[in-house]
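Undergrad: Build me a model from this:
(2 chains)
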Amino acid sequence: MQEALNNPWTTLLRDSRRSGGYGQWTLQAPSKLLWKLRLDDSVRSSPVLDEDLLYVTSLDGALHAIEVHAGQEAWKFQTSGSIHCTPSICENAVLFGNDSGSVFALERTKGRKIWETLTGAEVWASPVVLGRTVFVGSADGRFYALDVSNGKPRWTFEAGARIYSTVYANESCLYFGCSNGKVYCLDSGSGKVMWAAETGNGIDSSPALAGGAVLIGSEDFSFYSIHPVSGKIQWKYATGLGISSSPAADGNTVVVGGKDGFLYAFDIPSGRLNWKRRLGGAITAPAVIAGEIVCIQSRGGGTQALDVRTGKEIWRARLGGSAQSCPVLNGNVIYLADAQGMVYALA
Amino acid sequence: MNRRTFVSNAITGSVGLALTEGISKGDADVKLPEPPPIIRHGLPGYKKSALGMPGLFPGRVVEVRNAEAIQQNHVSQPAIRRMINRALVELTGENSPRAAWARFVTPEDVVGIKINPSGAPACCSSPEIVREVIRGIRSAGVPEKNILIYDRYSDEIQLGSYHALLPVGVRIDGIEHRAFDLAGYDMNVYCQACFFGEWETRSYLARVVSHEVTKIVNIPTMKDHSAAGVTGCLKNLGYGSFNNVDRSHHAPITFTDPLIGLMCSVEPLRSKAVLHIMDGMRQMWHGGPLNQIQQYIAQPGILLVGTDPVAIDTTELALITAKRQQEGALSLWDRNPANITRSREEYYTNPRKNLFFRQPAHIEAAGRLGLGVWEANKIDHRKLVMG
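TA: Numbering: from 1, shown residues only, chains lettered A, B, ... in the order given. Here you go, the predicted model:
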């Protein structure tokens, strides 16, 4: 009997480090459907997990809390706008944004609203909590630092261009991409711009920080390694089409999908391409690294696991296949959500 | 020979049983089935606009070429700006781009920009062109909040990353978010026909077209199309604004002729579509509309601009026909059953194969409905070279 572990997976790619999985995932393909649940609308975000609840947002404006043992909805919270945002969990709260421009904080176990803060346009980026501050960008062109207890802005930064990139936050710096093609580094406390690195087109991708590099894709058909202090571009790699997928990093390896249908793995210090593998259609969902495997959903390709060292396919499940959602790997249970509104637990 | 008649020595088994009524197997003279009666139901009481198709300049097509506009698959924003400005001045005879835009939109308008994300990410409406169209509409005094970039499928818009590539303030939305999503359609405006015994015989017009926008700027792409022959202004508008259109195809038979033109003639779609800017930065000359293989996507750096969708599509048809001839591909008018395949993979990779008996005559059919000029010798084709 394969069992789930009670490990938290609290934001996009598990945690703010974007490390992805836990390393316990075996090389075996999932062989058993534990449960499936049909939501009322399409899922364009990634699930997150904490204790016994899996949180999934859907385009009809609902956040669903699903009890993971039974696969039943524990509660749902309805908003007035569609939701493309991957939720985040912080202590007793689950946070997310919607297309009406609101950022919500709900009580994590019951779904009661703690606060709601309105921005000027849709919020697709996932809120990230560091200390007592929630950091999130909005399509209104502003980046917000909100008080986690009440949602009131501590400061805002005016980028003047749409922000869909989920921030990478640490004690001193905040890194995110913007539709003006810039990768920003802001001071975490004040929101002051430390540097802004230029790419050649808008950015949809969310950065990872690993191996002494800010790693991010751009719609200019390139993947970038940027020095986290100076903002200098250390290396970039030209792909066949744009990159909207977010990278996953583990040790000195970073993996990212391209719209050209390839999954790429790079050596972070050198920028050397370790391997690339064509998966089928365009890849826009984030990849997840879990121990020896990298797991990804792709358009028309279902869910695949590849050897992180070689890119060789280990297994493939013809479930999922979302263009936006990444799987949650927890012990030997994998949770998937897809564009048709299906949520699966496989073991 | 009737345009639905072709000569054949043998017919492949790929023709479905339901379609054999008008097709005699093995006969020398083979006839495609006639389309069923199609009922059009426009918005009751809608007053037709003089700006509607074929618009202010029937028969006029401005073709702008600029080799610098796309290099190694990267589209140049400054080059696009110069090309659109030059084309609009040429089209309208005005002395500035702003004055040209003012011929089509006013500050009171709510303007829909109909993109074509189908084919994303390899070949879809270039965000650089969409940006310049937004800029032009803004120059005529339309506020950003009154500009809506739309298509039927929100997932394809997302795949094209338009949301991350367009300016703050404009709205970007798909009409359908999942299969069978009817919420965004107007039940009072439709085309009705039973093509292949389907249970839902109506195709409804998007509500944003019937009730929200007052003008539409159309940005189709330059692509061949497995069923329609080519997809251009007409197909991007018709099949991109009405739902439930796949039912008009049942390989190898398609009723894109005459459905595309009929849909475009329904009010208020016809009246609201005031300008067409065809994106020929990339030209998908085989495997359209969804092929992702770069080998079949040329990069000629062309824009076709006008108010007459039929004249533009006629020009597009000639350009794609020429490219296919150059590459040794089948004629878009090919009617040989031996060239039909059931395999999409084979179709995508072999320009000597078809999925359908294509219907490029849908353009002429639209012309006969009064939507524009299809006779090549009557088209005022103005060619500009820049760069």
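
Undergrad: Tell me the confidence at the closest residue to A:G242 other than its chain neighbours?
TA: Nearest-residue entry for A:G242: A:E219, 3.9 Å, with adjacent residues in sequence omitted and distances by Cβ to Cβ, 6 or more residues apart in numbering or on different chains. For the C-beta atoms, the positions are set from N, CA and C on the backbone; glycine is no exception. Among the per-residue scores, A:E219 shows a pLDDT of 97.

Undergrad: Quick check: A:E219 vs A:I243, distance?
TA: Using Cβ to Cβ, to the nearest Å, one gets 7 Å for the distance from A:E219 to A:I243.

Undergrad: next one: A:G71
TA: Per Cβ to Cβ, A:G71 is found 34 Å from A:I243.

Undergrad: Please apply the same query to A:T86.
TA: As judged by Cβ to Cβ, A:T86 and A:I243 stand 18 Å apart.

Undergrad: looking at it, B:T256 is touching B:V230, isn't it?
TA: No. With contact defined as Cβ atoms under 8 Å, B:T256 does not reach B:V230; the gap is 10.3 Å.

Undergrad: Show me which residues of chain B sit near chain A.
TA: Taking Cβ under 8 Å from any Cβ of the partner chain as the test, the list of chain B residues beside chain A reads B:73-74, B:120-122, B:127, B:154-155, B:158-159, B:161, B:163-169, B:177-179, B:292, B:294.

Undergrad: What about those residues, which are in helices?
TA: Mapping the residues of chain B next to chain A onto helices (DSSP state H) picks out B:127, B:154-155, B:158-159.

Undergrad: mind putting these in a markdown table, pLDDT and neighbour count included?
TA: As requested, these are exported to a markdown table (pLDDT from 0 to 100; neighbours: other Cβ atoms under 10 Å in any protein chain shown):
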| residue | pLDDT | neighbour count |
| --- | --- | --- |
| B:P127 | 97 | 24 |
| B:S154 | 93 | 26 |
| B:D155 | 90 | 22 |
| B:Q158 | 93 | 24 |
| B:L159 | 93 | 23 |
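
Undergrad: which of the residues you listed lies closest to A:R277?
TA: B:L159 (20.0 Å; Cβ to Cβ).

Undergrad: For B:P258, see how far away the nearest residue to B:G232 once chain neighbours are set aside is.
TA: Computed as Cβ to Cβ, 6+ apart, the closest residue to B:G232 that is not its neighbour in sequence is B:D313, at 3.8 Å. Look at B:D313 and B:P258: by Cβ to Cβ, they are 14 Å apart.

Undergrad: Same drill for these two, tell me which one is more crowded.
TA: Here B:D313 and B:P258 are set side by side on neighbour count (other Cβ atoms under 10 Å in any protein chain shown), and the busier one is B:D313, at 35 against 20.

Undergrad: That one: which element?
TA: With elements taken from DSSP states H and E, the one containing B:D313 is helix B:309-327.

Undergrad: Neighbour count for A:E219 and A:I243, which is higher?
TA: Comparing A:E219 with A:I243 by neighbour count (other Cβ under 10 Å), the higher total belongs to A:I243, at 30 against 26.

Undergrad: ok, now which ones touch the closest residue to A:E171 other than its chain neighbours?
TA: Excluding the flanking residues, the one nearest A:E171 by Cβ to Cβ, 6+ apart is A:S188, at 6.4 Å. When the contact criterion is Cβ atoms under 8 Å, 6 or more residues apart in numbering or on different chains, the partners of A:S188 are A:130, A:133, A:135, A:169-174.

Undergrad: Provide a PyMOL selection command restricted to the buried entries of those residues.
TA: The buried residues among these can be selected in PyMOL (16 or more other Cβ atoms under 10 Å in any protein chain shown) with this line:
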select buried, chain A and resi 130+133+135+169+173+174
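
Undergrad: Let's have the contacts of A:S188 in a markdown table, adding pLDDT and secondary structure.
TA: Compiled in a markdown table, the contacts of A:S188 are given as follows (pLDDT from 0 to 100; DSSP: H, G, I helix; E, B strand; the rest coil):
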| residue | pLDDT | secondary structure |
| --- | --- | --- |
| A:L130 | 89 | strand |
| A:T133 | 95 | strand |
| A:F135 | 96 | strand |
| A:A169 | 91 | strand |
| A:N170 | 89 | coil |
| A:E171 | 89 | coil |
| A:S172 | 93 | coil |
| A:C173 | 95 | strand |
| A:L174 | 96 | strand |
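
Undergrad: can I get the contacts of A:S188 in a markdown table with distance to B:V209?
TA: Putting the contacts of A:S188 into a markdown table (distance: Cβ to Cβ, whole Å) gives the following:
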| residue | distance to B:V209 |
| --- | --- |
| A:L130 | 45 |
| A:T133 | 44 |
| A:F135 | 39 |
| A:A169 | 42 |
| A:N170 | 47 |
| A:E171 | 51 |
| A:S172 | 50 |
| A:C173 | 46 |
| A:L174 | 41 |
